[in-house]
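Engineer: I need the structure of the sequence given here:
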Amino acid sequence: MIKPGIKQIGGNFRTRKLLDNYTPKHEFFLSMFLGAGWYELNKPRCQYELFNDKNSDIINYFEVMTFHPKEFDEKKLFGKGWIYDIFDQLELAEELLFIDKVKVINISLSTLAL
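Structural biologist: Numbers count the residues shown, from 1 in each chain. All right, here's what the predicted structure looks like:
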């Protein structure tokens, strides 16, 4: 069994065996809600697979694991918390962008008051 490297609500950990029993043999597989990917990582591979999730960070995570496995393994050498460091940096960047937007809005409103 392959364990996903992330924890995500709705990752199908408990339902993966049940889903496997009811999934017919197929050439094309579409996962509407990837989550942590418990089922998707452990099901038999097929010719075409398409994974979807509302959370773009999850999609990015699986793309990196799929298309850049060497770089992914090198990053894992830094410890288990490296992915959280990346998310923290992204959140900080979002906060800074939000602050800049607030400043722009305040500047615009102050010029309108003149």
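Engineer: I'd like to know how many residues surround His26.
Structural biologist: Here the number of neighbours of His26 (other C-beta atoms under 10 Å) works out to 13. To be clear about C-beta, it is placed using only N, CA and C from the backbone, and glycine gets the same treatment.
Engineer: no, scratch that, I was asking about Glu40
Structural biologist: For Glu40, using other C-beta under 10 Å, the count is 20.
Engineer: How about the contacts made by it?
Structural biologist: 29, 31, 34, 49, 51 (C-beta atoms under 8 Å, 6 or more residues apart in numbering).
Engineer: Throw those residues into a markdown table and include secondary structure and pLDDT, thanks.
Structural biologist: Formatted as a markdown table, the contacts of Glu40 follow (DSSP: H, G, I helix; E, B strand; the rest coil; pLDDT from 0 to 100):
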| residue | secondary structure | pLDDT |
| --- | --- | --- |
| Phe29 | strand | 87 |
| Ser31 | strand | 85 |
| Leu34 | coil | 84 |
| Glu49 | strand | 87 |
| Phe51 | strand | 85 |
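Engineer: Now the buried members of these.
Structural biologist: Neighbour-count burial (16 or more other C-beta atoms under 10 Å) applied to the contacts of Glu40 gives 29, 31, 34, 51.
Engineer: Out of the contacts of Glu40, flag the one nearest to Ile6.
Structural biologist: Leu34 (10.4 Å; C-beta to C-beta).
Engineer: for the nearest residue to that closest one once chain neighbours are set aside, what are its contacts?
Structural biologist: If the residues on either side of it in the chain are set aside, Leu34 comes closest to Asp53, at 4.0 Å by C-beta to C-beta, 6 or more residues apart in numbering. Asp53 sits next to 33-35, 59 when contact means C-beta under 8 Å, 6+ apart.
Engineer: Now a ChimeraX select for only the buried ones of the residues you listed.
Structural biologist: Here is the ChimeraX selection string for the buried members of the contacts of Asp53, based on 16+ other C-beta under 10 Å:
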select :34,35
